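Asker: need a 3D model of the following:
(chains A and B)
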2 protein chains.
Amino acid sequence: MISFGGGLPAPDLFPVQRFEEACHKVLHEQSATALQYGETEGYRPLRELIANGMARDGVPAKVDNVLITSGSQQALDLIGKLFINAGDRVLVEAPTYLGALQAFNVYGAKYLTVPSDDNGLRTDLLEEPLRSNPKFIYVLPNFQNPAGTTLSEERRHELILQADRYGVPILEDDPYGQLRYEGKHLPPLIALDRKSFSHDEGDSLGNVIYLSTFSKTLAPGLRVGWIVAPPEIISKLTQLKQGADLHTSTFNQFVAYEVARDGFLEQHVQLIRRVYRERRDVMLQALKEFFPPEVTWTHPQGGLFLWVTLPQGSDMQAIFKSALDQNVAFVPGHSFFAQSSHGIDNDGISNNGRPADRHMRLNFSNAAPEQIREGIARLAAAVKSHLSPATLPSALPIEVQQLRH
Amino acid sequence: MISFGGGLPAPDLFPVQRFEEACHKVLHEQSATALQYGETEGYRPLRELIANGMARDGVPAKVDNVLITSGSQQALDLIGKLFINAGDRVLVEAPTYLGALQAFNVYGAKYLTVPSDDNGLRTDLLEEPLRSNPKFIYVLPNFQNPAGTTLSEERRHELILQADRYGVPILEDDPYGQLRYEGKHLPPLIALDRKSFSHDEGDSLGNVIYLSTFSKTLAPGLRVGWIVAPPEIISKLTQLKQGADLHTSTFNQFVAYEVARDGFLEQHVQLIRRVYRERRDVMLQALKEFFPPEVTWTHPQGGLFLWVTLPQGSDMQAIFKSALDQNVAFVPGHSFFAQSSHGIDNDGISNNGRPADRHMRLNFSNAAPEQIREGIARLAAAVKSHLSPATLPSALPIEVQQLRH
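Answerer: Predicted structure coming up:
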């Protein structure tokens, strides 16, 4: 089975030797604290390391702006717990990260959806949903999951402006921000929204809650993520986290700190970028080579995913089944759309919250380049076998095809 | 500071060498899976090890009865999420584990409280609260936190009978069950309630959900606990866990398995029992030696805590402050009582849900024996300085005291 399905990092890039040294050091020098109960907020040196990383990205975060979470999935859960009462609305991109919808659904969230295009969330369509008083805006600005698109700098400013105008907090989910393979690094929303930090400005509170994780840069098996937010929000989330799991594994926090420190994280990220960029390029090349011309896809500047769009009327269920029969897996796009009472399709068509199921999310980080090529060839065969002849030039009789240039 | 406050295991008993071997083995042989995302249900060999442990305790659990959680605090949170809607009632012991109240409060739980005595929960007082339709009964049968008392075998049967009669599930929280220092091991409620297991009996479902953890037997810093329940419940909790944190750290589950396997856990528990038994005995002896005779305390047969009761009218806040001044800490009993609209005191007195604050929870696992003795002496001084002369023979003038006997 060649899987483009999950969002799995490449296991051959896990820095195993560095992990081994870190475990050894932590157990030899700090076992009495590293194996004991810890503070709910997290291991202080790790929080400082994260705050310093944010500072390099233009965010003047201090240690009390950082809460360590059990992966960023837990951050989504805690924020759902804090903000959402049954029936409350959350503004999300269409499509958006499935796990966020799972986390928010538990608290009875309803959704307002805004479509995205190659420049990310369509900020020109924000005003109407913002008038419906969403509790917050959930957005993945960099290399979005599932679409692979990036919110342009202009739209970042526009999003902050509008959110501020309507007094709606922004939840900025940024698991892939460090994994950029081309183009200019864009400042996170939380950096653009300087008011988020009250340290120098008295009571002035910001509008952005920022999430990230070590899952894509070190290893997901650690389950160490974090939230950066004003101290008042951090304090409320800390109380909720205490009831939820007391604290994130002390041992893993000590180990993550020992692995990441002294510039190792930044250096390791360079390696990941090189490897994933190659895989992305192989996938883009294979798509171009094997897929029929009516099929389109996004060109991600980073991250783990790209998003394929088939012609209207494609039978996604049949394609999915054929792909599995040929031992290749992907995630059909349908699951990434929140149900919304007044959704608008990417083509601007009202869709009653049920967009046509004609998308595939493809992951390019987990498989080796030769597997990617082979997998895309198989997937192309599955796709071609289910496109209707009307939309499929390559399915026309050879003689007819040859009439086209 | 000598702390009898937390529920911290003794760090000098963490099996550090075994942890180091386990980390080394896991990273050398299984890094690609151990550092990767894992299944929400947990690492299968660990689930099997837990199921086998339950089987030795008379519980015919299989792997699909086990869900790994991020400490048993997460189990409490997930169960709150599954069962409690705002305003629902939960039947709890008075006093009970503070962290459970924190977990359930988030979901808007109301409480029905039943007092306990030296034989645990007063099952003779269960009928009235059970008629008020609680969503479940939360109980710690072994070496209760905070009281240190154990539910007698007779009452275990009575509890199951009554819960079954009213169709109310039991949540059995058993973090300390393996840490018995005297007396006969009693079967867990889930073993007495054989109907919990549907494997041989078709659709017949049990009434008990069982929780435990490696926090007191290996190390709390791992945050690895588990739930044992019928597969239908496990399946619902698994869905909720996926939204809450995807899964518990794969690495920690692999490491916990490598540490615990091949009988190491059982052998290590023997060592913990010896050390904690001595500490308990030192604390009991010191209490007898230093505390005034109007003060009483429980005699725990295992676990980490004992529960001290001061005379009516004691000024707990003043005692707590004096103790801190003398560098000794404990947890005042007040926090362990759920607010209840119709609470009954242990003396059978209606208390409007606000029992008199005249209890202290003392932990005896974390401090060394000589510290325990010194700490209890200091605590006794703090207590004596705040008992009213009317209730305090030892505060009477020496000459008057000598007239006694």
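Asker: now the nearest residue to residue A:21 once chain neighbours are set aside: which helix or strand?
Answerer: Counting by C-beta to C-beta, 6 or more residues apart in numbering or on different chains, the nearest residue to residue A:21 once its immediate chain neighbours are dropped is residue A:258, at 7.5 Å. C-betas here are computed from N, CA, C, even on glycine. Element membership of residue A:258, judged by DSSP states H and E, is helix A:250-260.
Asker: which is the succeeding secondary structure element to that helix?
Answerer: Past helix A:250-260, the next helix or strand by DSSP H and E is helix A:264-290.
Asker: contact residues of the stretch 101-250 of chain A facing chain B?
Answerer: A:102-103, A:105-106, A:215, A:219-223, A:240, A:242-250 (C-beta under 8 Å from any C-beta of the partner chain).
Asker: show me the residues you listed that map onto strands.
Answerer: Among those, none falls in strands (DSSP state E).
Asker: rewinding a little: for the residue nearest to residue A:21, which residues are in contact?
Answerer: Residue A:258 sits next to A:21-22, A:25-26 when contact means C-beta atoms under 8 Å, 6 or more residues apart in numbering or on different chains.
Asker: identify the residue of the stretch 251-400 of chain A closest to chain B, quick one.
Answerer: residue A:251 (4.5 Å; C-beta to the nearest C-beta).
Asker: give me the domain ranges for chain A.
Answerer: Per automatic domain parsing, the structural domains of chain A span A:2-9+A:266-389, A:16-263.
Asker: what's the most buried one of those?
Answerer: domain A:16-263 (a mean of 21; mean count of other C-beta atoms under 10 Å in any protein chain shown).
Asker: now that domain, how far from the centre of its chain.
Answerer: Centroid separation between domain A:16-263 and its chain, computed with C-alpha atoms, centre = their mean, to the nearest Å, is 11 Å.
Asker: kindly report the same for stretch A:315-331.
Answerer: With C-alpha atoms, centre = their mean, you get 23 Å for stretch A:315-331.
Asker: anything in it near chain B?
Answerer: No - figure legend: stretch A:315-331 not in contact with chain B (C-beta under 8 Å from any C-beta); closest approach 14.1 Å.
Asker: can you tell me what sits against that stretch?
Answerer: A:1-5, A:146, A:310, A:332-334, A:357-363, A:375, A:378-379, A:381-383, A:385-386.
Asker: filter those down to just the ones in helices.
Answerer: Members of the contacts of stretch A:315-331 lying in helices (criterion: DSSP state H): A:375, A:378-379, A:381-383.
Asker: got the residues of the stretch 251-400 of chain A near chain B?
Answerer: A:251-252.
Asker: which SSE is the residue lying closest to residue A:174 once chain neighbours are set aside in?
Answerer: In space, and not counting its chain neighbours, residue A:174 is closest to residue A:212: 5.0 Å by C-beta to C-beta, 6+ apart. According to DSSP H and E, residue A:212 maps onto strand A:208-213.
Asker: now swap in residue A:78 and tell me
Answerer: helix A:71-83.
Asker: and that helix, anywhere near chain B?
Answerer: Yes - residues of helix A:71-83 are located near chain B by C-beta under 8 Å from any C-beta, namely A:71, A:73-74, A:76-77, A:81.
Asker: what sits up against that helix?
Answerer: With C-beta under 8 Å, 6+ apart, helix A:71-83 has contacts from A:67, A:69, A:99-100, A:103-104, A:106-107, A:109, A:135-136, A:169, A:171, A:173, A:175, A:209, A:211-213, A:215, A:220, A:223-227, A:233, A:236-237, A:240-241, A:244-245, A:248, B:106, B:243-246.
Asker: so which residues of the stretch 1-150 of chain A form helices?
Answerer: A:16-34, A:44-56, A:71-83, A:98-105, A:127-131 (DSSP state H, counting those that start in this stretch).
Asker: alpha carbons only: can I get the third one in PDB?
Answerer: Think helix A:71-83. C-alpha atoms of helix A:71-83 as PDB (Å, rounded to 0.1, in the frame of the first residue of the first chain):
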ATOM      1  CA  GLY A  71      -0.100  17.800  20.900                       C
ATOM      2  CA  SER A  72      -1.900  20.700  19.200                       C
ATOM      3  CA  GLN A  73      -5.000  18.500  19.000                       C
ATOM      4  CA  GLN A  74      -5.300  19.100  22.800                       C
ATOM      5  CA  ALA A  75      -5.000  22.900  22.200                       C
ATOM      6  CA  LEU A  76      -8.000  22.700  19.900                       C
ATOM      7  CA  ASP A  77      -9.900  20.700  22.500                       C
ATOM      8  CA  LEU A  78      -9.100  23.200  25.300                       C
ATOM      9  CA  ILE A  79     -10.000  26.200  23.200                       C
ATOM     10  CA  GLY A  80     -13.300  24.500  22.200                       C
ATOM     11  CA  LYS A  81     -14.000  23.900  25.900                       C
ATOM     12  CA  LEU A  82     -13.200  27.500  26.800                       C
ATOM     13  CA  PHE A  83     -15.100  29.200  24.000                       C
END
